[in-house]
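This is the structure alone, sequence omitted:
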């Protein structure tokens, strides 16, 4: 799929990994709908891109809100071709901690946003893909890129809820790709490692340095632009389908 011909819907597109995808897609000539609870920083978006992006306040886990985001893409840009699910939350809590059992509400919220939210956007985007018709050279009716985490494989102590939510995303990748093949829709998942997102940049420098030192090569935090570059490659490489790609510098998380 050629990016200049396409319309992206990026959840969590106002910051972090999602914002990097938005900038990459716009720079490549695509049109983009930013679906997030927070508005994007317009200073991060070049003035010449103004006619090619739209923002919609979106709760990915709510049907009406997610439906509105898809409808904005169709209403504003008349088609939808790529869904990038990068909205998510991270909660750390022990199953049996000093303050008592893991709060069920925290576990449920993490699953709701990360896993149910990703599935909700996916199920609503596919009919819009199909209705938009295939883009030529080669023909393709859509690409879905979900965001998991290396915690899905190497979850640490206190990450039970987060790892479960991201593990669910990993698990649904292949069956979704198999089912949607008949619609010429591909499904891929990226499992990022430790990235320089706003959350991590808010940590003390010595903590950031310690995290970077644990990454085999390159020994640094991942850059959101590197995540966006992988998104671009997935969209453009028609033979990538039904797979989870770790983007992590070869790190394997220790228990804590």
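Thanks, I have the structure now. This structure is a prediction, so every number in the text was calculated from the model and none was measured.

How about residues contacting the helix or strand hosting residue 227?
Taking DSSP states H and E as the criterion, residue 227 maps to helix 224-236. For helix 224-236, contacts defined as C-beta atoms under 8 Å, 6 or more residues apart in numbering pick out 1-3, 6, 16-17, 19-21, 23-25, 28, 82, 84, 143, 145, 188, 190, 192, 195-197, 240, 245, 247. Glycine gets a C-beta too; all of them are placed from N, C-alpha and C.

please redo it, this time with the cut-off set to 6 Å
For helix 224-236, the surrounding residues in contact (C-beta atoms under 6 Å, 6 or more residues apart in numbering) are 1, 17, 20-21, 24, 82, 84, 143, 145, 188, 190, 192, 240, 247.

Can you pull out the low-pLDDT segments for the stretch 151-256 of the chain?
Scanning the stretch 151-256 of the chain for pLDDT under 70 picks out 203.

Please flag which of the contacts of helix 224-236 sit within helices.
17, 20, 21, 24 (DSSP state H).

Output the residues you listed in TSV, with neighbour count appended to each entry.
Formatted as TSV, the ones in helices among the contacts of helix 224-236 follow (neighbours: other C-beta atoms under 10 Å):
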residue	neighbour count
17	28
20	24
21	30
24	24
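
and the two most separated of the residues you listed?
17 and 24 (10.7 Å; C-beta to C-beta).

what residue of this structure is the furthest out?
Here the chain reaches farthest from its C-alpha mean at residue 98, the gap being 33.2 Å by C-alpha atoms, centre = their mean.

ok, residue 243 to residue 6 distance?
21 Å (C-beta to C-beta, to the nearest Å).

Apologies, that question was intended for residue 166.
Residue 166 is 26 Å from residue 6, by C-beta to C-beta.

And for residue 69?
Look at residue 69 and residue 6: by C-beta to C-beta, they are 16 Å apart.

before we move on, what about residue 95?
In terms of C-beta to C-beta, residue 95 sits 43 Å off from residue 6.

Who has more neighbours out of those two?
Each of residue 95 and residue 6 has its neighbours counted (other C-beta atoms under 10 Å); residue 6 has more, 24 against 11.

now the strands for the chain?
Assigned by DSSP state E, the chain shows strands spanning 7-11, 31-36, 53-57, 82-85, 96-97, 100-101, 142-147, 185-192, 244-247.

Now tabulate those strands in CSV and tack on distance to residue 133.
Shown next, in CSV, are the strands of the chain (distance: least, C-beta to C-beta, whole Å):
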stretch, distance to residue 133
strand 7-11, 12
strand 31-36, 16
strand 53-57, 21
strand 82-85, 15
strand 96-97, 52
strand 100-101, 51
strand 142-147, 10
strand 185-192, 12
strand 244-247, 28
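
the helices in the chain, which residues?
Using DSSP H, helices in the chain cover 16-27, 63-77, 104-110, 117-132, 151-154, 160-180, 198-201, 205-213, 224-236.
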